[in-house]
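J.: Based on what follows, work out the 3D shape:
(2 chains)
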Amino acid sequence: MINIVASPVTDGIAAVLAPDTLIYIGIGILIGMLVGAFPGVTATMAVALASGFTLTMEPTQGLAMLLTIYVAAQFGDRVPAILINTPGTPASISTTFDGYPLAQQGKAGLALTTSAFGSAIGMLFGIAILAVAAVPLSAFAMQFGPPEMFALVVFGLTMMVGVSSGRIVKGLAAGAFGLFLATVGRDPITGDQRFTLGILELNGGIPFIPVIIGFFGVAEVINQILTHRKAHHVPPITQMGQWMPGMKLMRRLSKPMGIGAVTGSVVGLVPAVGGDIAGIIAWDNAKKASKHKHEFGKGSLEGLTAGDTASTATLGGSVTTTMALGVPGDSVMAVMIGSMMIWGIQPGPGLFSSHPDLIASLVAILLIATILTLGLSLLRMRGVVKLLELPNHFLWVIILIFCMVGTYSINNSVFDVFMMLIFGLIGLFMLRFGFPAGPAVLGLILGPLAESNLRRALITDGWASIFTSPIAVVLLLIAAAALILPPLRGLVKRRRLANEGKDVPTLMP
Amino acid sequence: MKSKVLSLAVGAASLLALAGCASGSTDASGEFPANDIRLTVPWQAGGSGDLTARTIAPLLEDELGVQVIVENRPGANGSVAYNWLKDQKPDGYNLSLMGVEVATLQFQNYDIDPANYAPIGQGLAGPGAIAVPVDSPYKTLQDLIDDAKANPGKVTFSSPGVGSVWDSPAQGFQELAGIELTSVPFDGSAPAVAAAAAGDVDFSIDAIGTQKVQVDGGKLRYLAMLTEERDANNPDVPTAKEEGIDLQNASWVGIMAPAGTPDDVVQKLSAAMEAAVADPAYQKVIEDSNLVPTYKDSEEMSTFIKEEAERYGPWIELAQGK
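T.: Model (predicted):
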């Protein structure tokens, strides 16, 4: 026997490779993939419910199970986003932008596989960052107080232009509607009621998941029911087309994947911001950097992979922030902190020095989960898409039932189901009249973050707190550039085209 | 004639129905519990309140001999669940966890009246503390008070939200010390405590257990405990009372039923809860979450909730008056 020197790293990995831990990883993958594919049932909920019975397990086994559910849900939620335009969890909102158009063009197979590859690469990138730089990066996350958060969210709001897919005015109108919806509920600072109309449930604000299920899933189904008899209806998604992406395609996708991985990792580090926002930001970044901008939103594999890579890449950052700061990196991590404390693992600044083997265990769990989930995703795709061979009218009923049951199960609330139906109708209106849903969702997610962080910053030190923070100033400048540069570049280009052939002096040397 | 027959039939039917109900309820109180009990959690799954429910439920099952099913009904500061419970049949089969919000939401324009509920008991407490960033110039509570007196409104603190269990006692602190502070509300305790650890605000007022993470990690330092006696785990930290500020506060979690639940049913549930809270398995989970297992019976809880409402009412009005 070779005598392996015991070190925190080998200890941590050995703990994960124990057979019973691997079994829990396997169970976690199955739960996670099912949960992800079911619209409305989020990874947060699955982890919360599973934590009820993982409490009695050994810490490594329990962590393995909960983290695996989280990882696998990130793969599973892409499936309904691509096939039926309904994000399985909020992390796959950006998947619908290009995934569903691809499926409509008969490329569902290719969309599913590239999405799975993108998700796996994002995950691996996030894990690498966790393994190499967890401690120094957590210091960076600590810098994000209210002024920096506000600046980051403002940058996120500029994405409204990008996700408007060319219809800027309608996109901004939808975005303003989303921001308005975000103001419903209790004032985050004073606690006063705003637009609650005497409805008790609205005191908590407009519930976010019912809105996205309504906007994307229900609206699309009703639209298909209304239009399927018309002559120019969308061809049914029967053929899957090509399955595996070729080498040439993979090379072309490496750029959006890189953009997604970096965007996701940075966004993941920031507390309380997760894969949903990262996916949208990366999708927009990839669009700006792409040579095929016009394809984005109409079925671009680049857009699909950029968003999916980014939303999974946040996981490494979220785990880092949670473990090293004791501040939940996203909602799933908020749930996990409770379980970890009972296992005697207290997330916070002292964690990595008191449990040096923990980083190794975490990395090993995430790696095994990612590789197994990718394998399983690629294997079961052919079975999943059989669902779409059903006649349309059966499929519509199934989707609607799934949406309703999923929405009800979030809070055991009939109110949420009504909200989902109402926003399904609003979404239908928006779809028929050409208002994109992306900016509205972005406004609803980011509005409360922008408002509460701005007001917190103003309470502590007035506007000075924003302008004296280098991170906030840089982020605001990037946001301004993102708004001003594209139209400016368009203007210059148009001038040059107009002046072509004419003998006019130009600024260009 | 016809209408008379009809009304007679209706009358007979309703009498029968009433008799059915009556016999049903005597059955139930005779051998309560006969059916599964639903324990509603007014918060999201996964939080410490939810874990409490999922830990105590199997122990209550052992005591009562029926299934106790945990169900989350989160929303609007817990008021969705409280409002739902109010409308349930007061037979002891529908229970809910509760926090201090049961007593305080009425001061924030919520239609929640503590009189609509019959408390079963208390399960835990989370006593509070004032903590400052490790490099803060304040060495004692008096330093903080002196600075706030010299610079009214300049000293900031983070709270988990307006009207919450930790924002309100901060109002009490201002009253007792005769100072003016600025509240920076966050969305819950974790980000509020983290903001103090990062130095975004001057101090944190929250549960000792919530601040412990950052204290152990070397980012925060306890300044004063909001307890009667010094905390056994931190014997060097004085209480606020020792420093001349007679202020105590603790968050708590209990169980309640709708008002009108028969007294013997309440007593039976109370006894089961007392045994569950004393169980070592329960005590371990609660202590590992940095909270204190604490039991009060139904009657003590009724008085306690009244006292909490009297304490918090003026504090919340003070906070809103700003």
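J.: who's in contact with A:Leu390?
T.: Shown in contact with A:Leu390 (Cβ atoms under 8 Å, 6 or more residues apart in numbering or on different chains): A:Ile398. Every C-beta, even on glycine, is put in place using the N, C-alpha and C of the backbone.
J.: C-alpha coordinates for the longest strand seen in chain B, CSV please?
T.: When every strand of chain B is counted residue by residue (DSSP state E), the longest turns out to be strand B:117-133. Listed next in CSV are the C-alpha coordinates belonging to strand B:117-133 (Å, rounded to 0.1, in the frame of the first residue of the first chain):
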residue,chain,number,x,y,z
TYR,B,117,-55.5,33.1,19.0
ALA,B,118,-55.1,30.7,21.9
PRO,B,119,-51.4,30.2,22.7
ILE,B,120,-50.2,26.7,23.3
GLY,B,121,-46.7,27.5,24.5
GLN,B,122,-43.2,28.9,23.8
GLY,B,123,-40.5,26.7,22.3
LEU,B,124,-37.4,28.8,22.1
ALA,B,125,-35.9,32.3,22.7
GLY,B,126,-33.1,34.2,21.0
PRO,B,127,-31.8,36.8,23.4
GLY,B,128,-30.2,39.9,21.9
ALA,B,129,-27.0,41.9,22.0
ILE,B,130,-25.5,45.1,20.7
ALA,B,131,-22.3,44.4,18.7
VAL,B,132,-19.9,46.7,16.9
PRO,B,133,-17.2,46.1,14.2
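J.: That strand: what's the following helix or strand?
T.: Once strand B:117-133 ends, the next helix or strand along the chain (criterion: DSSP states H and E) is helix B:141-150.
J.: before we move on, the earlier item: report the strands that pair with the longest strand of chain B, each with its relative direction.
T.: Strands flanking strand B:117-133 in the sheet, each with its direction: strand B:203-207 (antiparallel), strand B:220-226 (antiparallel), strand B:250-258 (antiparallel), strand B:292-296 (antiparallel) (DSSP bridges).
J.: looking at those, which is buried most?
T.: Among the strands paired with strand B:117-133, ranked by average contacts under mean count of other Cβ atoms under 10 Å in any protein chain shown, first place goes to strand B:203-207 (a mean of 28).
J.: Just the angle for that one relative to helix B:141-150, thanks.
T.: Using axes from the mean of the first three to the mean of the last three Cα atoms, to 10 degrees, the interaxial angle of strand B:203-207 with respect to helix B:141-150 works out to 130 degrees.
J.: still on that earlier bit, could you dump the strands paired with strand B:117-133 into JSON lines with mean pLDDT added?
T.: Supplementary listing: these in JSON lines, determined by pLDDT from 0 to 100:
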{"stretch": "strand B:203-207", "mean pLDDT": "95"}
{"stretch": "strand B:220-226", "mean pLDDT": "95"}
{"stretch": "strand B:250-258", "mean pLDDT": "95"}
{"stretch": "strand B:292-296", "mean pLDDT": "94"}
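J.: I'd like those strands as a markdown table, with distance to A:Ile466 appended.
T.: Compiled in a markdown table, the strands paired with strand B:117-133 are given as follows (distance: least, Cβ to Cβ, whole Å):
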| stretch | distance to A:Ile466 |
| --- | --- |
| strand B:203-207 | 22 |
| strand B:220-226 | 25 |
| strand B:250-258 | 33 |
| strand B:292-296 | 41 |
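J.: Nearest to B:Asp113 among the ones you listed would be which one?
T.: Distances from B:Asp113 to each of the strands paired with strand B:117-133 were compared using Cβ to Cβ; the shortest belongs to strand B:250-258, at 12.0 Å.
J.: and that closest one, how far from the chain's centre?
T.: Its chain's C-alpha centre lies 5 Å from the corresponding centre of strand B:250-258 when counted by Cα atoms, centre = their mean, to the nearest Å.
J.: With stretch A:395-412 instead?
T.: Distance of stretch A:395-412 from its chain centroid, counting by Cα atoms, centre = their mean, is 21 Å.
J.: With just CA atoms, put that stretch into PDB.
T.: As requested, C-alpha coordinates have been extracted for stretch A:395-412 and formatted as PDB (Å, rounded to 0.1, in the frame of the first residue of the first chain):
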ATOM      1  CA  LEU A 395     -49.600  19.000 -24.400                       C
ATOM      2  CA  TRP A 396     -51.300  22.400 -23.600                       C
ATOM      3  CA  VAL A 397     -53.400  20.800 -20.900                       C
ATOM      4  CA  ILE A 398     -50.400  19.100 -19.400                       C
ATOM      5  CA  ILE A 399     -48.300  22.300 -19.400                       C
ATOM      6  CA  LEU A 400     -51.200  24.300 -17.800                       C
ATOM      7  CA  ILE A 401     -51.700  21.700 -15.100                       C
ATOM      8  CA  PHE A 402     -47.900  21.600 -14.400                       C
ATOM      9  CA  CYS A 403     -47.800  25.400 -14.100                       C
ATOM     10  CA  MET A 404     -50.700  25.500 -11.700                       C
ATOM     11  CA  VAL A 405     -49.600  22.700  -9.500                       C
ATOM     12  CA  GLY A 406     -46.000  24.000  -9.400                       C
ATOM     13  CA  THR A 407     -47.200  27.500  -8.600                       C
ATOM     14  CA  TYR A 408     -49.500  26.300  -5.800                       C
ATOM     15  CA  SER A 409     -46.700  24.300  -4.300                       C
ATOM     16  CA  ILE A 410     -44.400  27.300  -3.800                       C
ATOM     17  CA  ASN A 411     -46.400  28.700  -0.800                       C
ATOM     18  CA  ASN A 412     -49.400  26.400  -0.700                       C
END
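J.: got the contact list for it?
T.: With contacts defined as Cβ under 8 Å, 6+ apart, stretch A:395-412 is touched by A:38-42, A:45, A:84, A:86, A:207, A:209-210, A:213-214, A:217-218, A:221, A:224-225, A:387-388, A:390, A:414, A:416-417, A:419-420, B:71-75, B:80.
J.: which ones are touching A:Ile27?
T.: Going by Cβ under 8 Å, 6+ apart, A:Ile27 touches A:65, A:68.
J.: Model confidence at it, what's the number?
T.: Note on A:Ile27: pLDDT of 91.
J.: For A:Leu157, see how far away it is.
T.: Counting by Cβ to Cβ, to the nearest Å, the gap from A:Ile27 to A:Leu157 is 40 Å.
J.: cool, B:Ser164 as well?
T.: Distance, B:Ser164 to A:Leu157, using Cβ to Cβ: 28 Å.
J.: swap in B:Gly128?
T.: Distance, B:Gly128 to A:Leu157, using Cβ to Cβ: 37 Å.
J.: Would you mind listing what in the stretch 201-322 of chain B touches chain A?
T.: Of all the residues in the stretch 201-322 of chain B, those in contact range of chain A (Cβ under 8 Å from any Cβ of the partner chain) are B:201, B:212-214, B:216-219, B:285, B:288-290, B:320.
J.: Just name the closest of these to B:Arg38, please.
T.: Compare each of those with B:Arg38 using Cβ to Cβ and the shortest gap goes to B:Val285, at 21.4 Å.
J.: List the contacts of the closest one.
T.: Each residue near B:Val285 by Cβ under 8 Å, 6+ apart is listed here: A:55, A:342, B:51-52, B:55.
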